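> requesting a structural model of the entry that follows:
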Amino acid sequence: MKQLAQRARAVQPSATLQASQRAKALAASGVDVINLGVGQPDFQTPAPIKAAANQAIQADKVDGYTATTGIAPLRQAVADHLQATQNVMVTTDQVVVTTGAKMALYALFQVLLDPGDDVLLPAPYWVSYAEQVRLAGGNVLEVAPTADLKVTPEQLAGAVTANTKALVLNSPQNPSGVVYTPAELKAIGDWAVAHDLWIVSDEIYRDLVYDRPAPEPSMLTLSDAITDHTIVINGVSKTYAMTGWRIGWVIGPKVVTAALGKVLSHMTGNPAAVSRYAALNALTGDQQSVATMNASFQERLDLIYPLLTALPGFKLATKPAGAFYLFPDVSAAMTKKHCATASEFVGRVLDEAHVAVVSGEAFGLPHHIRLSYAADRDQLLTAMARLKTFMEA
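Sure thing, here's the model as predicted:
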């Protein structure tokens, strides 16, 4: 039998999904596992959104194919929401709705990159960025962060090449919850414009920020020149607890969105029609659920942060300000538990403490681990107690 394609053989599986699957398998065997490895809200999709989906079904709106780039009302809602929350005006032909933000990123890299193009990827980074760049034929240029898990124009300047075509930014950041300030983003944006780079701004966690006004300012608000170079990725998954509905979108220059429409017409045709009507309600309906979820995440962060930093060998430079993750440096904890790698460490945490977390190796920083606080208060307190017992044993 002939071999599979090199790109399929080279791609690495998603570390977060692997960690979740291992935790689920252990739980299925009867072990009481607390899963802090999952990157999704633990809330239910708000009832009005579900009702809107049911109404669309009953009205026979979801039975056939729809426009590849999204039904017109949803694209208009995305544009209107951007204007209402960021005071940025775009036209509907600058919006492409996709089957989740992950597909938005995948298709975007297919549109932007030729074989051999370089992409700057500041660490830590979401696990799928690197694999998606490579699947498009690009090369990943990892940029090591400062102690606060951010990068500066000076660091980017040390990594850029003549073949660099794009820079990926994610703020609030997965896996760390770090949030760049507008001044930091503008400095990076100005640098990218000066180097004529595309800025791929993943803003999926933009509404989930704490100890500051929400939502966080978009890259599109910083200057006209930065806007011309920026392609925003967003969606309903995190803000509205709709990870299973699979609706994301791209906002960018028309030359990009037109090309995306062509590529997506041969990839997905269109996202599920019923999900589009659910997303339409999410963007145009009452936003109280967003504020309620934010307040809950803020409470959990305030609860878990001091407990985590008190654990032997766990170090966090700063308190996270967004998303719903903690990304401690566990170098000292690994040494204390005689673990050579973070993967070995998280394996022991799962097997001995029955807490599922994700190794930082998949995020570009091999001496860190990622924990999600998208879990209820009792689970978080129990998980911290188990980790304390594990580290003190």
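
> which parts of stretch 170-186 are buried?
Neighbour counts using 16 or more other C-beta atoms under 10 Å place 170-180, 185-186 of stretch 170-186 among the buried residues. Backbone N, C-alpha and C define where each C-beta goes, glycine included.

> sorry, that was for stretch 154-171
Per 16+ other C-beta under 10 Å, stretch 154-171 contains these buried residues: Gln155, Leu156, Ala159, Val160, Thr164, Lys165, Ala166, Leu167, Val168, Leu169, Asn170, Ser171.

> follow-up on the earlier one: farthest-apart pair in the buried residues of stretch 170-186, please.
Using C-beta to C-beta, the pair of those lying farthest apart is Pro175 and Lys186, separated by 24.1 Å.

> quick one: mean pLDDT for the longest helix anywhere in the chain?
Longest helix in the chain, counting residues (DSSP state H): helix 288-309. In this model, helix 288-309 has an average pLDDT of 96.

> can you name every helix or strand that it contacts?
If contacts are counted by 3 or more C-beta pairs under 8 Å, 6 or more residues apart in numbering; DSSP states H and E, helix 288-309 sits against strand 325-326, helix 377-392.

> tell me the strands beside the shortest one, with direction?
If you go by DSSP bridges, strand 325-326 pairs up with strand 369-372 (antiparallel).

> contacts for the strand it pairs with?
16, 36-39, 175-176, 308, 324-328, 330, 342, 345-346, 349, 357-360, 363, 383 (C-beta atoms under 8 Å, 6 or more residues apart in numbering).

> how near is Pro366 to Thr146?
17 Å (C-beta to C-beta, to the nearest Å).

> which ones among the buried residues of stretch 170-186 map onto helices?
Leu185, Lys186.

> still on that earlier bit, now pLDDT too, for the buried residues of stretch 154-171, in TSV please.
Shown next, in TSV, are the buried residues of stretch 154-171 (pLDDT from 0 to 100):
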residue	pLDDT
Gln155	97
Leu156	98
Ala159	98
Val160	98
Thr164	98
Lys165	98
Ala166	98
Leu167	98
Val168	98
Leu169	98
Asn170	98
Ser171	97
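
> which one of those is nearest Ala84?
Nearest to Ala84 among these, with distances taken as C-beta to C-beta, is Ser171, at 20.5 Å.

> contact partners for the residue nearest to the closest one when sequence neighbours are not counted?
Leaving aside its sequence neighbours, Ser171 sits nearest to Tyr180 (C-beta to C-beta, 6 or more residues apart in numbering; 4.3 Å). Tyr180 is in contact with Lys150, Leu169, Ser171, Gln173, Ile188, counting by C-beta under 8 Å, 6+ apart.
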